[in-house]
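# need coordinates for the below:
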Amino acid sequence: MRGAVKIFDEIRRSKLNVGVLGIPKTVDNDVGIIDISFGFQTINAADVEVESGVNGIGLVKLMGRGIEHIALHATLSSRDVGCYMIPENKFYLEGKGGLFQFLKHRPKKNGHVAVVFTVLPREQDKI
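Below is the predicted model of the structure:
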């Protein structure tokens with residue numbers, strides 16, 4: 001939204017007749033006058049998407065302040081998430097008990113799987 005404001009300011013300074021539309025997307029759901037932002041429903045929406053495909057696997061990347069707690073609570077309270085990758089904890093991709101093994105078997109059992117991972121605020125600029 002800050003980027004949309006900067007673009008609007010430049011358009012106004014240049015006296016152009018152009019509109020700017022900003023659509024908030026935040027898992028925090030903390031944007032004033034917006035009842036529910038897109039990001040707030042991200043986990044459920046991802047599950048709906050992957051459920052529509054045979055053996056679907058969906059990755060949900062969540063970013064924002066306090067995101068770890070929000071993602072953890074959403075994951076624990078949701079039946080939609082098969083795996084939450086916590087960035088501070090090491091995890092294995094390959095081998096017994098690894099993420100790849102989980103992703104190979106979980107869709108066969110449930111038909112699909114949604115995986116949530118978070119990007120910590122200090123890491124967002126690297127993406």
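# which residue ranges of the chain form helices?
All helices of the chain, identified by DSSP state H, fall at 2-13, 42-51, 67-77, 99-110.
# which one, of these, ends up nearest to N89?
N89 sits nearest to helix 67-77 of all these, at 10.8 Å, using Cβ to Cβ. Just so you know, the C-beta spots here come from the backbone N, C-alpha and C atoms, and that holds for glycine as well.
# before we move on, back to that, mind putting the helices of the chain in TSV, mean neighbour count included?
As requested, these are exported to TSV (neighbours: other Cβ atoms under 10 Å):
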stretch	mean neighbour count
helix 2-13	11
helix 42-51	18
helix 67-77	16
helix 99-110	14
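# in CSV, list the ones you listed along with distance to V119 and mean pLDDT.
What follows is these, written out as CSV (distance: least, Cβ to Cβ, whole Å; pLDDT from 0 to 100):
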stretch, distance to V119, mean pLDDT
helix 2-13, 18, 89
helix 42-51, 13, 76
helix 67-77, 8, 75
helix 99-110, 17, 87
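# so can I have TSV of the ones you listed showing distance to I57?
Shown next, in TSV, are these (distance: least, Cβ to Cβ, whole Å):
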stretch	distance to I57
helix 2-13	31
helix 42-51	6
helix 67-77	16
helix 99-110	6
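# how about the ones you listed, which one is nearest M85?
Here helix 99-110 is closest among the helices of the chain (Cβ to Cβ), at 7.4 Å.
# one step back: I'd like to know which of the helices of the chain lies nearest to L21.
helix 2-13 (7.6 Å).
# any idea how far the closest one is from the chain center?
Distance of helix 2-13 from the chain centroid (Cα atoms, centre = their mean, to the nearest Å) equals 26 Å.
# quick one: contacts of that helix?
Residues from elsewhere that reach helix 2-13 (Cβ atoms under 8 Å, 6 or more residues apart in numbering): V18, V20, L21, G22.
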